[in-house]
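sequence and predicted model, in that order:
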Amino acid sequence: MMNIRHRLENIYRLGIKELFSLRQDMVLIALIIWAFSFAIYTAATGLSHDLHNASIAIVDQDRSQLSMRIQDGFQEPYFKKPVRIDYSQIDRVMDGGDYTFVLVIPAGFEADVIAGHQPEIQLNIDATAMMQAGIGESYITSIFSQEIRTWMGGKTQAAAQNAPSPVNLVLRYAFNPNAESAWFTSVMEIINNVTMLSIILAGAALIREREHGTIEHLLVMPLAPFEIMMAKVWANGLIILAASGLSLIFVVELLLQVPIAGSETLFLFGTMLYLFFATALGIFLATLAQSMPQFGLLFMLVVLPMRLLSGGYTPTESQPQLMQWIMEFVPSTHYVTIAQSILYRNAGLEIVWPEFAMVAGIGGLFFAFAAFRFRKSIAVMRN
Amino acid sequence: MTSPRNRHPGNNGSTSPAPPGAGDIPGSGPDNGKHPAVTVRGVSHVYGNTQALSEIDLTLSAGRIYGFIGPDGVGKSTLLGLIAGAREVQSGDVTTLDGDMRNARERSRTSPRIAYMPQGLGKNLYMDLTVRENLEFFGRLFGQKKSERKQRIDRLVTATGLAPFTKRPAGNLSGGMKQKLGLCCALIHDPDILILDEPTTGVDPLSRQQFWDLINDIRQSRPTMTVLVATAYMDEASRFDHLIAMNDGVILAQGSAQHLLESTDTKNLEAAFIALLPEDQRKDHQELVIPPRPQSGDKPAIEAEGLTRRFGDFTAVDHVSFRIEKGEIFGFLGSNGCGKTTTMKMLTGLLPASEGKAWLFGEPSSGKDLKMRERVGYMSQAFSLYAELTVRQNLDLHARLFHLPKDRVAARIDDLSDQFGLSHYMDDLAEKLPLGVRQRLSLAVAIIHSPEILILDEPTSGVDPIARDDFWQLLIDLSRKQGVTIFISTHFMNEAARCDRISLMHAGQVLDSDTPDALREKRGTETLEEAFIAYLKEATGAQEKADDQISQNNDDTTLSLAGTGHSKGNSDPRPQSNNNGETGNKTVPGFSPRRLWAYSLRETMGLLRDPIRLVFALLGTLILMPVFGLGITFDVENLTYAALDRDQTPESRTYLEGLAGSRYFTEKAPIRNYDEMERRIKSGELALVVEIPPDFGHKLQQGRTPEIAATIDGTMPFRAETIHGYVQGIHQKYVADHALRETGNTIAPLPASIQTRYRYNQDFKSIYAIVPSVIALLLVFIPAVLMAVGVVREKELGSITNLYVTPVSRFEFLLGKQIPYIALGMTNFALMTFLAIVAFGVPVKGSFPALLLGAFLFVVSTTGLGLLISSFTKTQIAALFGTAIATMIPSVMFSGMMQPISSLEAGPRVLSMIIPTSHFMTISVGTFTKALGFMQLYPQFLILALFFPVLTGLSMLLLPRQER
């Protein structure tokens, strides 16, 4: 009765209608624009994951040339200008979180170095400052070694050769030579906003129709629920796809000057697969919620964990094993991997296909489940 | 009942030309020296571009009942809102009971004497509270003590017949009962002026009659009370002493019903109203003529047999049967919620029937038959078109969804737009259309595919009489000329009278079906309304007794109703001020803990009865705390690495053992060549690759310092830098060990060394820092979001009116609402602290009292933040996302969780000082992990304590005291 061509035309027409509806919703449009431009920019430039502006205080009981030299070694932008404090202040400033690092250079330090007494200086680290403590320690250690070496080099030849290293280690960062965090955060913010907005857009589109009573209107027409859902998926998905593509080119590449290593087309293809899952998730949540506010609350409970645990913020391999297994079944984890592999590491389809398969597979299953829920929920709609 | 004693000035100052007779009301001397109850002078009101009222002048005297008549959207509600003080006066003067409604102080002095029932069934009631809880709430708002409240409530519920239902949630009451409850709530404080905005719209005629009887009884017992009523039912307007006919924001005419009929020379008020309209609005109007329907012997177009629908325990439609012939206009007449809509949904297949069957054209109706849908047109109750599309787009979309042949789409749209008078509006957005035009568009869309059956659910509610007649003309044409079967529902009697046959519906059952005339004859009544009432009385046979009881009670209690404030036989022992006709209410000026408590109690009950909010409130933390606590980790562990050992000597293997032995790294299968290396690092499988050159062992032995290359995956910079540190450490250790092996000496690479002390968190496990931070994060997030939604809900549902028209102050309102959420926040805090200690093993090393006090001050601040946002947002969804964004982003970025506050630069640094999260995070991390107490943390406590007064003050400034 209903041939395929009619079905496709229905899906197309209803999708066009979605686009028109969205055009009138200034709040959502503003949200989309904000999320894919300003939000990306602020995330990339605002919070740096590497050592930046770390605050350090120095208790200099030696007041020697060497201690001054070490003090001068702490340079911006990694460290703020070191501040001298008294020994008695250490507890207070660290308790109050005024400084993350406090370096104590004992009296007679320079003299002991020259005399070869192997003096020790003490480094206090506020180990509750998780993001800075570990990295800061290695920075301070290397600044310290360097300053001492150069200083000794100026003093005696022998001291400079104090310990010739038997092996040299050459470390390099692949894909991001200077370990710039903006490279990472900008793209990951796009990923996060793809998830967030596709859920909101698709869910809100359904709830809006329900609140306005227009969904009933569609249901008395010769349309199948699948067509109604599919129209929402493609129309809202297309908007997100376009927004993320534009954001990648204009905000990330042009504005933030982040080089994209791999194929953007391949990435967008991955995004498209992922959008089936994300929009279906939005529709699923909308079938659970009775109203927009309830949808909002559910949205938060679902999106926050997805956002935090998919590997776009913190490394997934450090999570407890159980959580890693659970997150294996959430397509956003694989989508993050796809984005990182393609955009940073220039991976091709021959490398990322397992992730593509996972996103498509799990996304497809969930899509079918959401379609089932959608059919059921509109069958029992009371309002 | 009261003869017109007073003179009522007409609308002589108003802008529109007064129709004949409007100004010169026969009547009556001056005001007996009494002050008028309400004076309105030159009042205009504008919403955006819409002029709701223009230059209204009106004087209403005390002790009379005034009816404001006219269709929806002519300004009745606006005017009543202004008189009640619920709406802000834009221009002109409004004086109600000597109080200038523009002056906040006078308003709050007068408000205890005014009672206002806004439009919409039970709009100012709380549907999740029971009848008694609602009444208790209003009693508290008017400062009544427990004993007094009980006395008053008992009298009111007895008088209105609600006594048996006091434990029922307001949401489960029928429309009529909701309105009675609304009336009880309005009367709980013995008002001197009672303002009722469409109190009986959508209520069945029996309940309507009872409602007006009740009002009459009350007026008899309190003759000084002035009553203002707005109504869309012209037929009930004749009950009122004095009518004010309004249209388009102006008063068309006023006077008694008799006077209006005489001056327009019409027989009923509806016709009188049309006659009063300006010439250009009524010029095309003609009396509706319904041609007789040719009898057809066809089989029925629609048939239902024992159709039943249950929702849980509730039976919405109870064994409904009917047959509708082809071309017939068949009406369903009944109150809101009597099952009309549900029946229609079952017919269209939108809802499956629980029992019984329906046939369309002899075929069983089911939701699955797509072909059948092409023969049916449906117009649902609400305006169900896409408001954000234009008229043309709406028509086009539906034409294409019904797959009209492509070449016929344009022609069909043109035909319909001509026929329905839509040609002028084709490119306007549907939401911008006048109501009558929208309804025509809805109908046009419903018949775009030329259906044989048209199902219309209350298509004309809210439309003015002329537009309604136009609409009916279209229906009649469809029925008589095109033979379309029309199934229509309505709660207007005069519309029902136009149908070929009607079914009278009540509480899910069809009382009778026949032609309107036959129904009247069967009951021997003059009007259809009376017939319906007779049917209702018969049908609710069991209830009839109760009804008698009620009217009996009404008689008995007329005195006691009055007695609540005025009668000398008042059993209330406390003295009551009774000067100058003012009420006996003891409305406490200034702060009243009872009013505050009324809101706290109401909010608590509302929260406890909303499963989704409650789940979010309690499970939210239980779900998010582990997710955040375990998920946000800065520990970099389980790192995968592989070696490309091109040397394969004992020396190279010794070097690699260092990595293999590290607890941070996990070894993967060795790499064989560069291609493989590139592939594996690109796929993200390896975080680190160590490459040992071919002559490593050889060079090492010769002391020629071979070079090892380590490549770190730099995708995630934080992880990469940490790996960098680890690898260097392992390398240093190798160098030292190597020296030990070679020379037997431990050699120091440097003449001095650094001894590192990880303070507060010796193991350097991120859980000890993250868990206390997550507690802070969730305590800002969840209480603030719930708080914001809590207040905006009242705005959306309409109960915010109670803030506008009762003596409750903004401070009482805000704090009252806040208290339950503070309690909720503290519960969450207790839950999370328990989880932290027991599940995460993160103990509180410092002062627990300090943590507790900090949490309390913090929750007070975060709920205050929610209040602040809710005081200027209008919708729950805006409040929700606004609060989420305003709390989460600064809290995650600038509160010291990610980057220590000491590292933040100017802007973010300032931001971190003015958000409460950073201060509590210092307290939380300090008491949990740093083992601190009050002594070290007092600055944070001082700052946190400042948030409450500042936020509450701002919220009070921003929360409107009146509707705009």
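Received it, and whenever you're ready, just let me know what you need. Residues are numbered from 1 along each chain as shown, chains lettered A, B, ... in the order given.

how many neighbours does the residue in the stretch 151-300 of chain B positioned nearest to chain A have?
The nearest approach of the stretch 151-300 of chain B to chain A comes at residue B:171, 13.2 Å away (C-beta to the nearest C-beta). Heads up, the C-betas are built off the backbone N, CA and C, glycines and all. Using other C-beta atoms under 10 Å in any protein chain shown, residue B:171 has 14 neighbouring residues.

so for the closest residue to it other than its chain neighbours, what's the pLDDT?
Excluding the flanking residues, the one nearest residue B:171 by C-beta to C-beta, 6 or more residues apart in numbering or on different chains is residue B:127, at 3.4 Å. Residue B:127 is assigned a predicted lDDT (pLDDT) of 87.

any idea how far residue B:787 is from residue B:127?
Look at residue B:127 and residue B:787: by C-beta to C-beta, to the nearest Å, they are 21 Å apart.

who's more crowded, these two?
A count of neighbours by other C-beta under 10 Å puts residue B:787 above the other of residue B:127 and residue B:787, at 30 against 17.

now the closest residue to the more buried one other than its chain neighbours: which helix or strand?
Closest residue to residue B:787 apart from its sequence neighbours, by C-beta to C-beta, 6+ apart: residue B:866 at 3.0 Å. Using DSSP states H and E, residue B:866 falls within helix B:848-872.

just the CA trace of the very next helix or strand once past that helix, in CSV.
Using DSSP H and E, the helix or strand that follows helix B:848-872 in sequence is helix B:876-894. Extracted in CSV, the C-alpha atoms of helix B:876-894 (Å, rounded to 0.1, in the frame of the first residue of the first chain):
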residue,chain,number,x,y,z
GLN,B,876,11.2,25.8,33.5
ILE,B,877,13.4,24.8,30.6
ALA,B,878,15.2,28.1,30.5
ALA,B,879,15.7,28.0,34.3
LEU,B,880,17.0,24.5,34.0
PHE,B,881,19.6,25.1,31.4
GLY,B,882,20.4,28.6,32.6
THR,B,883,21.1,27.3,36.0
ALA,B,884,23.1,24.3,34.8
ILE,B,885,25.3,26.4,32.6
ALA,B,886,25.7,29.2,35.2
THR,B,887,26.7,26.8,37.9
MET,B,888,28.6,24.0,36.1
ILE,B,889,30.9,25.9,33.8
PRO,B,890,32.3,28.3,36.4
SER,B,891,32.4,25.6,39.0
VAL,B,892,34.3,23.2,36.9
MET,B,893,36.6,25.7,35.4
PHE,B,894,37.2,28.3,38.0
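
counting by contacts, list what helix B:876-894 packs against.
helix A:292-309, helix B:766-797, helix B:848-872, helix B:906-914, helix B:916-928 (3 or more C-beta pairs under 8 Å, 6 or more residues apart in numbering or on different chains; DSSP states H and E).

residue B:249 is nearest to which of those helices?
helix B:766-797 (24.9 Å; C-beta to C-beta).

so which bits of the closest one are buried?
B:766-797 (16 or more other C-beta atoms under 10 Å in any protein chain shown).

is stretch B:826-842 positioned near chain A?
No - contact between stretch B:826-842 and chain A is absent, the nearest approach being 11.2 Å (criterion: C-beta under 8 Å from any C-beta of the partner chain).

tell me how far that stretch lies from the chain's centre.
Distance of stretch B:826-842 from the chain centroid (C-alpha atoms, centre = their mean, to the nearest Å) equals 34 Å.

give me the residues contacting that stretch.
B:617-618, B:620-622, B:625-626, B:629, B:767-768, B:771-772, B:774-775, B:778-779, B:782-783, B:843-844, B:851, B:855-856, B:859, B:928-929 (C-beta atoms under 8 Å, 6 or more residues apart in numbering or on different chains).

mind redoing it with 6 Å?
B:621, B:625, B:629, B:767-768, B:771, B:775, B:843, B:855, B:859 (C-beta atoms under 6 Å, 6 or more residues apart in numbering or on different chains).

could I get it in CSV with only the CA atoms?
Listed next in CSV are the C-alpha coordinates belonging to stretch B:826-842 (Å, rounded to 0.1, in the frame of the first residue of the first chain):
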residue,chain,number,x,y,z
MET,B,826,21.9,18.8,53.3
THR,B,827,20.4,15.4,52.7
ASN,B,828,22.4,15.1,49.6
PHE,B,829,25.5,16.3,51.4
ALA,B,830,25.0,13.6,54.1
LEU,B,831,24.5,10.9,51.3
MET,B,832,27.6,12.0,49.5
THR,B,833,29.8,12.3,52.7
PHE,B,834,28.6,8.8,53.5
LEU,B,835,29.6,7.6,50.1
ALA,B,836,32.9,9.3,50.2
ILE,B,837,33.8,7.7,53.5
VAL,B,838,32.4,4.3,53.0
ALA,B,839,32.5,3.6,49.3
PHE,B,840,35.5,5.7,48.2
GLY,B,841,37.4,5.3,51.4
VAL,B,842,38.1,9.1,51.6
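
what's the first-to-last distance across stretch A:245-253?
11 Å (C-alpha to C-alpha, to the nearest Å).

list the buried residues for that stretch?
Buried-residue list, stretch A:245-253, by 16+ other C-beta under 10 Å: A:245, A:247-248, A:251-252.

between the residues you listed, which is nearest chain B?
Using C-beta to the nearest C-beta, the buried residues of stretch A:245-253 come closest to chain B at residue A:252, 14.6 Å.

the bottom helix or strand of the chain by mean pLDDT?
Just so you know, I chose chain A. Every helix and strand in chain A was compared by mean pLDDT, DSSP states H and E; the lowest is helix A:157-160, with a mean of 44.

look at chain B instead
helix B:541-563 (a mean of 45).

low-confidence ranges, the chain, go.
Using chain A. Applying pLDDT under 70 to chain A flags the ranges A:1-2, A:47-50, A:154-164, A:379-383.

hmm, no, I was thinking of chain B.
B:1-34, B:295-298, B:367-368, B:382-383, B:462, B:541-589, B:745-749.

quick check: domain ranges of it?
B:38-280, B:302-517, B:639-743, B:768-958 (automatic domain parsing).

what's the neighbour count on residue B:140?
Using other C-beta under 10 Å: residue B:140 sits among 26 other residues.

I'd say it and residue B:598 touch.
Yes - with contacts counted by C-beta atoms under 6 Å, residue B:140 reaches residue B:598, the gap being 3.4 Å.

overlap of the contact sets of the two?
With contacts defined as C-beta under 6 Å, 6+ apart, no residue is shared by residue B:140 and residue B:598.

up against chain B, what does the stretch 251-383 of chain A have?
For the stretch 251-383 of chain A, the residues in contact with chain B (C-beta under 6 Å from any C-beta of the partner chain) are A:292-294, A:296-297, A:305, A:308-309, A:314-315, A:317-318, A:320, A:323, A:337, A:340-341, A:344-345, A:347, A:351.

what's the span of stretch B:625-637, first residue to last?
By C-alpha to C-alpha, one end of stretch B:625-637 lies 22 Å from the other end.

re the thing from before, could I get the helices and strands packed on helix B:876-894 as TSV with distance to residue B:346?
TSV is the format used below for these (distance: least, C-beta to C-beta, whole Å):
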stretch	distance to residue B:346
helix A:292-309	27
helix B:766-797	29
helix B:848-872	40
helix B:906-914	57
helix B:916-928	53
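
of these, which is nearest residue B:526?
Proximity to residue B:526 (C-beta to C-beta) singles out helix B:766-797 among the helices and strands packed on helix B:876-894, at 40.5 Å.

tell me the SS of the residue nearest to residue B:171?
Put simply, residue B:127 is coil when judged by DSSP: H, G, I helix; E, B strand; the rest coil.

just to check, it is in contact with residue B:168?
No - at 11.1 Å, residue B:127 does not count as touching residue B:168 under the criterion of C-beta under 6 Å.
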